[in-house]
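[1] Have a look at this prediction, sequence included:
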Amino acid sequence: MACIVKNFEIDHQKGIKAVRDSMDVLNGKWKISIISSICHYNTRRFSDILNDVVGISNRMLSKELKELEINKVVRRTILDTRPVTVQYELTKHGLTLKTIINNLVEWGVAHRKIIIGK
């Protein structure tokens with residue numbers, strides 16, 4: 001019995017650590033909304049994301065996109081156009097968040113109905 005309890009504690013600690021790692025990448029007010037915008041359209045320009053994520057400033061969007069790039073969730077591509085166009089897309093690793101985003105959408109819609117009836 002002690003062996004089972006020991007394994008449960010190890011698995012539980014690994015789970016908590018994995019959730020913490022995930023939250024370290026996705027933390028903050030804006031990252032999930034930014035990922036959702038890119039996920040919905042596949043590729044987005046900076047100004048498109050700025051319009052999608054109501055309330056975010058240029059500076060904050062730039063900071064959040066850089067952090068998502070560092071964490072290999074988002075890829076930034078500079079296109080050879082005049083004026084220069086920069087577009088963002090989810091990396092292969094970032095695309096693994098698509099199911100989570102869709103689940104959050106479903107949960108949010110259901111939660112809104114429960115809380116405010118709409």
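    Perfect, I can see it now. Residues are numbered from 1 along each chain as shown.

[2] Neighbours of the closest residue to Y41 other than its chain neighbours, how many?
    Of all residues not flanking Y41 in the chain, D48 sits nearest, at 7.3 Å (Cβ to Cβ, 6 or more residues apart in numbering). In short, each C-beta sits where N, CA and C put it, glycine included. Neighbour count for D48, taken as other Cβ atoms under 10 Å: 15.

[3] quick check, D48 in a helix?
    Yes - assessed with DSSP: H, G, I helix; E, B strand; the rest coil, D48 lies in a helix.

[4] Do I have it right that it meets H40?
    No - with contacts counted by Cβ atoms under 8 Å, D48 stays clear of H40, the gap being 10.5 Å.

[5] Who are the contact partners of V74?
    34-35, 38, 65, 68, 88-91, 94 (Cβ atoms under 8 Å, 6 or more residues apart in numbering).

[6] In terms of helices and strands, where is E106?
    Element membership of E106 [criterion: DSSP states H and E] is helix 98-116.
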